[in-house]
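In: this one's sequence-less:
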């Protein structure tokens with residue numbers, strides 16, 4: 001586990017690179033208040049430093065209000081994005097199916113309300129989810145064969161044909177250790193899918209500090225295809241390759257992110273935005 005000592009776990013403090021453990025940061029123009037985004041001169045990963053302790057962030061993820069706007073971090077209204085999230089997940093599942101990467105057993109790590117698991121029903125025989133938030137796990141149980149409300153260390157000892165972690169890795173303080181645990185849970189030849197905000201996409205330089213994926217303090221690492229692929233190779237994945245990941249968003253949410261008000265008639269309609277997410281798939 002890559003972490004650092006804090007006299008107060010709720011106060012940000014400098015920390016090493018989550019990807020390689022080096023403490024050789026190069027400053028950037030990105031940041032907000034006490035939080036700064038830096039770039040590792042050893043492995044080229046962008047990461048947050050100073051940042052909160054891992055313990056402090058895990059406690060926030062376990063709170064019931066993380067998905068419904070009751071706390072400062074998290075989602076303003078995760079359920080309000082259901083239509084766009086389901087459309088996004090259907091597109092991803094179809095791409096996996098086109099590559100012969102569906103079938104058998106599925107585990108989603110960080111499953112939220114279980115929308116991906118529900119959409120995966122036609123593609124997998126058994127669908128399990130892992131979710132830290134007890135409130136979200138209760139909702140997800142309506143959409144999967146089984147949901148575990150805890151972390152990877154408490155998951156029953158079994159392997160899966162496919163494991164997905166969608167917009168999870170950017171929250172992880174020890175991504176290498178996390179991925180090694182996922183690879184150990186894969187059957188031989190099993191598929192691992194990771195997705196994260198695309199630090200190399202055009203939205204980040206275009207929007208600067210207004211880029212929505214600079215979610216302080218919860219996003220602690222920011223990935224490109226190269227850094228995400230290298231992470232997977234180091235964890236034991238073979239031939240990590242980019243997977244197209246078109247993402248749909250409600251027009252109302254898009255407008256809100258840039259300080260505009262969408263017409264009421266368009267608020268709930270989906271718009272597909274390119275280059276928001278980088279996804280990589282590899283096999284054990």
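Out: Looks like it came in fine. Quick caveat, the model's predicted, so the values are computed rather than measured. Numbering: from 1, shown residues only.
In: Residue 227 and residue 208, how far apart?
Out: Between residue 227 and residue 208 the computed distance is 21 Å (C-beta to C-beta, to the nearest Å). Placement of C-beta: from N, CA and C, glycine included.
In: the more surrounded of the two?
Out: residue 227 (23 against 11; other C-beta atoms under 10 Å).
In: Surely that one is in contact with residue 43?
Out: Yes - the pair residue 227 and residue 43 qualifies as a contact (C-beta atoms under 8 Å) at a distance of 7.1 Å.
In: Touching both of these two, which residues are there?
Out: residue 19 (C-beta atoms under 8 Å, 6 or more residues apart in numbering).
In: Surely residue 233 forms part of a helix?
Out: Yes - read with DSSP: H, G, I helix; E, B strand; the rest coil, residue 233 is one of the residues of a helix.
In: Identify the residues contacting the closest residue in space to it that isn't next to it in sequence.
Out: Spatially, and ignoring its direct neighbours in sequence, residue 233 is nearest to residue 240 (6.0 Å; C-beta to C-beta, 6 or more residues apart in numbering). Going by C-beta under 8 Å, 6+ apart, residue 240 touches 228, 229, 232, 233, 280, 281, 282.
In: again with residue 47
Out: 17, 18, 19, 25, 37, 38, 39, 40, 220, 221, 222 are the contacts of residue 47 under C-beta under 8 Å, 6+ apart.
In: Same question for residue 258.
Out: Neighbours of residue 258 in contact, by C-beta under 8 Å, 6+ apart: 207, 210.
In: So which of the contacts of residue 240 belong to strands?
Out: Those of these mapping onto strands are 280, 281, 282, per DSSP state E.
In: Quick check: the last one vs residue 127, distance?
Out: Pointing back at residue 282 there. From residue 282 over to residue 127 (counting by C-beta to C-beta), the distance is 21 Å.
In: For whichever strand or helix holds residue 253, give me every contacting residue.
Out: Assigned by DSSP states H and E, residue 253 belongs to helix 251-257. Applying C-beta under 8 Å, 6+ apart, the external contacts of helix 251-257 come out as 80-81, 84, 210, 212, 261-262, 266-271, 273.
In: helices or strands up against the next helix or strand after that helix?
Out: Later in the chain than helix 251-257, the nearest helix or strand by DSSP H and E is strand 270-273. For strand 270-273, the packing partners by 3 or more C-beta pairs under 8 Å, 6 or more residues apart in numbering; DSSP states H and E come out as helix 82-98, strand 247-250, helix 251-257.
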